[in-house]
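In: Sharing a model prediction with you, sequence too.
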Amino acid sequence: MPQRFGFRVLKRLGGGRFSDVYEVGDAQQPLSAKRYALKVVELDAERPPHNARNEVSIMGKLKIHKGEGYSVNVVKLLAEFTNPMEIGLMLPLYKAALHDVVSHHCRVRTRFNLDGSTSKVVRNELTVDDIRHLVVGLLDGLAFIHSCGIIHRDIHPSNIMFKDIDSLDPVIIDFGISYDEPDNNGLEAPELKFTDIATGYYKAPELLLSVRNYGTGVDVWSMAIVMALLCSEGGTTPFDKDAAHSDLALLSNIVRVFGSPPKDWEDCKGSRSFAAMNEHFFASEPLPIDKVLPKVATVDKRMVKVFRGMTKYPSKERWSAIEARKGLIDPEEH
Ligand SMILES: Nc1ncnc2c1ncn2[C@@H]1O[C@H](COP(=O)(O)OP(=O)(O)OP(=O)(O)O)[C@@H](O)[C@H]1O
């Protein structure tokens, strides 16, 4: 069996452009012994904002954070290994990602159409209590990350893992492109951050307009879109398929769902694209909330209020993860 950093490699779990993640066991122990995930990053292949050394440094910072103690909703770095070519991060092993858990709670049935054809209808059967539990866990994790001065910058369903498919206790993973305030350990000035961050539907609108001095609000927006997925009838976001691959399509989808941004949107004051957008786009009203969060719109007013707070266009008005969490568990806060 192949080995990496002295561990027995059992299978490849996933990976991105710059990394491979393996399920591994201790080479000195029997196969039945405890298993881990080992993320191996080839240093020469990396391109900014990916930076494995920074990822290790950020995960170390999370670990020594004294505050209220480590969040159970954030992955912990168990050990790190280096050689001249690669870095290895040893992590707890998770068995399912958010999409797996949502699919596990979805039922698929066949609909017979009037024209004789059939189509598949997916029904999300997560209960409101399940959704609330998931969202509180996610916001706990995000609030902890932000309280350590870290912007995650890639919150999306594949970076949310679970111990197993039946679990509803989410864990946020992947600090590969995260930002350590105030200047990302000398890698990026605060007013000149990379905007090529986040994934598909989960990109905040200011990133699509090339705002570079963004803050933790980009993660809050991404988390709100995760919430929309959890609160949907079919386990999907409210955006069209094209929006996953095109910034322009995503911006137009965001305007369709959330309405036009305010004309005096401070974050985008200097943006020529935003000025052009104001001039040439038709003003759009937000979609009714029961179209955006169908599973909770009429039954959980707090969740709706929190979602609205998390999706405010101006970053100064957008709720923080802590405010959002309080808004969910303590109705007196807002
Ligand atoms: N601790 C873990 N347990 C199980 N699987 C994991 C774990 N960490 C990562 N993975 C799997 O490997 C994939 C890639 O991991 P990660 O996101 O950390 O790497 P990455 O290089 O940043 O990838 P990407 O560029 O796709 O974000 C995850 O989406 C997940 O499927």
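Out: Noted; the coordinates are in hand. Numbers count the residues shown, from 1 in each chain.
In: CA atoms for contacts and neighbours, from now on please.
Out: OK.
In: Please parse this structure into its domains.
Out: 3-92, 96-329 (automatic domain parsing).
In: Which helix or which strand is home to residue 182?
Out: Using DSSP states H and E, residue 182 falls within no helix or strand.
In: And for residue 249?
Out: Per DSSP H and E, the secondary structure element for residue 249 is helix 247-258.
In: Which neighbouring elements make contact with that helix?
Out: With contacts taken as 3 or more C-alpha pairs under 8 Å, 6 or more residues apart in numbering; DSSP states H and E, helix 247-258 sits against helix 205-208.
In: what's the following helix or strand past the helix it packs on in contact with?
Out: Under the assignment DSSP H and E, the closest C-terminal helix or strand after helix 205-208 is helix 217-230. Helix 217-230 has contacts (C-alpha atoms under 8 Å, 6 or more residues apart in numbering) with 102, 126, 131, 135, 138-139, 142, 151-157, 201-204, 207, 235-238, 292-293, 307, 310-311, 315, 318-321.
In: Counting only helices, which of these make the cut?
Out: If you go by DSSP state H, the contacts of helix 217-230 have 102, 131, 135, 138, 139, 142, 207, 292, 307, 310, 321 in helices.
In: Next up, the contacts around the last one.
Out: Which is residue 321. 139, 140, 142, 143, 146, 220.
In: which of the domains of the chain sits most buried?
Out: Across those, the average number of neighbours (mean count of other C-alpha atoms under 10 Å) peaks for domain 96-329, which reaches a mean of 18.
In: State the distance from the closest residue to residue 92 other than its chain neighbours to residue 132.
Out: Nearest residue to residue 92, sequence neighbours excluded (C-alpha to C-alpha, 6 or more residues apart in numbering): residue 36, at 5.2 Å. Computed as C-alpha to C-alpha, to the nearest Å, the residue 36 to residue 132 distance reads 29 Å.
In: Run through the strands of the chain in chain order.
Out: Along the chain, the stretches classed as strands by DSSP state E are 3-4, 7-14, 19-26, 35-42, 79-82, 86-92, 96-97, 106-112, 118-124, 150-151, 160-162, 171-172, 179-180.
In: Having no further points to raise, I will conclude here.
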